[in-house]
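Need a 3D model of the sequence below.
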Amino acid sequence: MIKRFAFIMAAFVLAVFAAGCARHTHIVIESRRVGDYFCSIYEDGTVDITAYYGDAQELKLPDRIEASTVEGFGMKAFNSCGTVTAVYIPPTVKSLPAKLFDSCPNLRTVYIPRSVTVIGKNVIFNCPAFTTILYEGTEQEWKSINIGEVPWTDNYVLVNAEVIFEHKLG
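Reported below is the predicted structural model:
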């Protein structure tokens, strides 16, 4: 009886594991530097920017790198970017990871498209000049974004920033 129960439990765990893995189709086929960006390129034709090495002040991030669509970023992809004052995220991105902008002393403004539905913990961290979010969507859409379990502590910088709604890139 115990062996039968153990076998059934093992089969159940294996089935759950296999079903969970089937949803994760992003397989990195290459990681390399492309211009000012270091990227993870996936088999499905998408790319994540994992680091930035440029010195732009206003940084309009691309929606494509080579033939791949930019869908996301690595944690701390914009770590210690001393010259950046404004960043414009492309509309192909759906989520922003934790500490995306970490220790960027001159970062003041981030443009967020309405495609973003999840924002990681402390997405803007240790950026003393930061004050403004330019958001493409409405105030109601902004309030529907998941910005952490406890927004006042998980993303206090976002909660305290000035948000300019329905901002269109020109």
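
and the residue positioned nearest the centre of the chain, what does it touch?
Residue closest to the mean C-alpha point of the chain, counted by CA atoms, centre = their mean, is L96 at 2.1 Å. For L96, the contacting residues are F73, I89, I112, V116, V118, I119, G120, V123, by CB atoms under 8 Å, 6 or more residues apart in numbering. In short, each C-beta sits where N, CA and C put it, glycine included.

Hmm, V163 and Y135 touching each other?
Yes. Y135 is within contact range of V163, at 5.6 Å (criterion: CB atoms under 8 Å).

JSON lines please, covering the contacts of L96 and showing neighbour count and secondary structure.
Formatted as JSON lines, the contacts of L96 follow (neighbours: other CB atoms under 10 Å; DSSP: H, G, I helix; E, B strand; the rest coil):
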{"residue": "F73", "neighbour count": "25", "secondary structure": "strand"}
{"residue": "I89", "neighbour count": "22", "secondary structure": "coil"}
{"residue": "I112", "neighbour count": "24", "secondary structure": "strand"}
{"residue": "V116", "neighbour count": "22", "secondary structure": "coil"}
{"residue": "V118", "neighbour count": "13", "secondary structure": "strand"}
{"residue": "I119", "neighbour count": "22", "secondary structure": "strand"}
{"residue": "G120", "neighbour count": "18", "secondary structure": "coil"}
{"residue": "V123", "neighbour count": "27", "secondary structure": "coil"}
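
would you turn those into CSV with pLDDT and distance to I145?
Formatted as CSV, the contacts of L96 follow (pLDDT from 0 to 100; distance: CB to CB, whole Å):
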residue, pLDDT, distance to I145
F73, 97, 16
I89, 98, 13
I112, 98, 8
V116, 97, 7
V118, 94, 7
I119, 95, 6
G120, 93, 11
V123, 95, 11
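
Looking at those, which one is closest to S103?
Using CB to CB, V123 comes nearest to S103 of those, at 13.2 Å.
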